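1. Just to be clear, the model below is a prediction. Sequence and coordinates:
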Amino acid sequence: MQKYCATSGVRADTLLKTIRKDPGGLLAGHLDPILELAQSIPAYSGNFLEWHLGKTTGVLDYIYRINTIYDTPLLSFDPLPGGQDAVISRGYRKLVNDARTQFRYGIENVFFEYDFPVLNDPAVFFDLHKRTGIRADAKRHDLLEVCSLFEYPLSEAFSEMLARLDAHDFNAIHFGLMFSRAAKAVRMTIDNVQGGRLTEALKLLGWQGDFGIVSGILDNFSRSTERMLLSVDYGGLCSQRIGIEMLGAGMHRIVPDLAASGMITGQQQELLLKWSGRTLLEPSDARQLSELHQRQVTHLYRRINHFKFIVDGSDVSVKAYLYYCF
C-alpha cells in the first residue's frame, strides 16, 4: 500500500484551509492542530468536524471518511499519517480487495476519528452490509473477521447481543474499534430507534441509566428528526455512556432549541446556522482534486449531518457533526 506524498499539492489540509476562510470565525483557531495532522492525509471526499458544543477548549475532533465509490482512486493509499499505528494500517490494507477497487465485507465507508487535544491512535469506524441483505449470522461472522484483521478483540457476549438485537428487529449498521480508548469495547450503532424503540433497545442492552433523561431529550429535541440512531460501547455490559443521534434534512431547526436550553452559546448558534452552504474552490485546488479523484470537482459543500446527545450518568451534552465534502 502506497504512502500518500505529503508534498502533493492537494491534501486534507487544503480543504480545512478553505473551511477556515469560509465560514471560519469561531472555529478558525481550533482548526490549527487538525491542520498539522491533515498535512499527511489524502484529500478524501467526505469529512467531519465533530464539535463538542458548550465547551470553550478542545472543542473539535476530526473524522475523515473513505468511500468505496467516491474515493476509489485513493483506496491504494495508506490512510494514516506516517509513523502511525502499523496494526491499523495493516488491517485497512486487508479490507481493500486485491484489485484496489472496493472494500470487502459489504463495507461502503471506513472512517478514521482523531480526538483532540490528546492525539492518540484513531478510532476506526465502518458500516457493514448496509445494503447486501446478508443473514444476521453471516453478518456477525464478517464482523468477527474484520475485528481479527485489526487484531481487535470481539467478545462472545457482543456476538450474542447482536443476535438478540436481530431477534427483536433491531439493525446494528455501524461499528467502531476504539483504539483511542483504554477499554477496548466495540462501538455499535443501531438504526431506526425512533419513538418507543429507543427505550426498547436500551432495555434489551441492559442499560442502567436514567430513562427520564432520555425522555427529556426526545421531548425537547426530536421534533425535526427524521431518523434516530443509538450508539453504545458494548463489551459484555452496556456502557453507562450512550449517544442518541438525530438526523434529518431540518437539522438547523434544532439549533434554536439547543440555544434556548442553554446547551450551546450564542456564538455557537450563529455558526451552526451559517454552516450549511457551498464554496467555490480555488481553481488550482479544484484542478488537482479533479485529477486525484478522476472526476470533476468544483465546490466544497457543507451541511450539519447530525447531532449526538451524550448521556453519561446525570450529565447530558451535545455534539454537532459538521460535514464537508466534494
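-> Great, that's in hand. Model, not experiment: these values are computed from the prediction. Numbers count the residues shown, from 1 in each chain.

2. Count the residues that sit near residue 78.
-> When neighbours are defined as other Cβ atoms under 10 Å, residue 78 has 20 of them. C-beta here means a position set from N, CA and C on the backbone, and glycine is covered the same way.

3. And it, how far from residue 84?
-> Residue 78 sits 9 Å away from residue 84, going by Cβ to Cβ, to the nearest Å.

4. Go ahead and confirm residue 163 touches residue 143.
-> No. Contact criterion Cβ atoms under 8 Å: residue 163 and residue 143 do not qualify, at 11.6 Å.

5. more crowded one of those two?
-> Between residue 163 and residue 143, residue 143 has the larger neighbour count (other Cβ under 10 Å), namely 22 against 12.

6. residue contacts, that one?
-> Neighbour list for residue 143: 128, 154, 159, 162, 175 [criterion: Cβ atoms under 8 Å, 6 or more residues apart in numbering].

7. Can you select the buried ones among those for me in ChimeraX?
-> Here is the ChimeraX selection string for the buried members of the contacts of residue 143, based on 16 or more other Cβ atoms under 10 Å:
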select :128,154,162,175
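
8. Out of the contacts of residue 143, list just those in helices.
-> Secondary structure from DSSP state H places 159, 162 of the contacts of residue 143 in helices.

9. From the contacts of residue 143, pick the one nearest residue 96.
-> Lowest distance from residue 96 to the contacts of residue 143 (Cβ to Cβ) belongs to residue 128, with 15.3 Å.

10. Which residues are in contact with that closest one?
-> Applying Cβ under 8 Å, 6+ apart, the residues contacting residue 128 are 105, 106, 107, 139, 142, 143, 146, 173, 174, 175.

11. hmm, 10 Å instead?
-> For residue 128, the contacting residues are 103, 105-108, 134, 139-140, 142-143, 146, 172-175, by Cβ atoms under 10 Å, 6 or more residues apart in numbering.

12. now, among these, which is nearest to residue 200?
-> Among these, and counting by Cβ to Cβ, the member closest to residue 200 is residue 172, at 14.3 Å.

13. right, and that closest one touches residue 126 too?
-> No. Counting by Cβ atoms under 10 Å, residue 126 is not a contact partner of residue 172; they are 12.0 Å apart.

14. of these two, who's got more company?
-> residue 172 (26 against 22).

15. And that one, what's its pLDDT?
-> pLDDT, residue 172: 94.

16. any idea which helix is longest in this protein?
-> Ranked by residue count and defined by DSSP H, the top helix of the chain is helix 136-149.

17. Dump that helix to PDB, restricted to CA.
-> What follows is helix 136-149 as a C-alpha-only set of coordinates in PDB (Å, rounded to 0.1, in the frame of the first residue of the first chain):
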ATOM      1  CA  ALA A 136     -27.600 -11.800  10.600                       C
ATOM      2  CA  ASP A 137     -25.400 -14.800  11.500                       C
ATOM      3  CA  ALA A 138     -23.300 -14.200   8.400                       C
ATOM      4  CA  LYS A 139     -23.000 -10.500   9.300                       C
ATOM      5  CA  ARG A 140     -21.800 -11.400  12.800                       C
ATOM      6  CA  HIS A 141     -19.200 -13.700  11.200                       C
ATOM      7  CA  ASP A 142     -17.900 -10.900   9.000                       C
ATOM      8  CA  LEU A 143     -17.700  -8.600  11.900                       C
ATOM      9  CA  LEU A 144     -15.500 -11.100  13.700                       C
ATOM     10  CA  GLU A 145     -13.400 -11.300  10.600                       C
ATOM     11  CA  VAL A 146     -13.000  -7.500  10.400                       C
ATOM     12  CA  CYS A 147     -12.000  -7.300  14.000                       C
ATOM     13  CA  SER A 148      -9.400 -10.000  13.500                       C
ATOM     14  CA  LEU A 149      -7.800  -8.100  10.600                       C
END
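
18. What are the buried residues along it?
-> 139, 140, 142, 143, 146, 147, 149.
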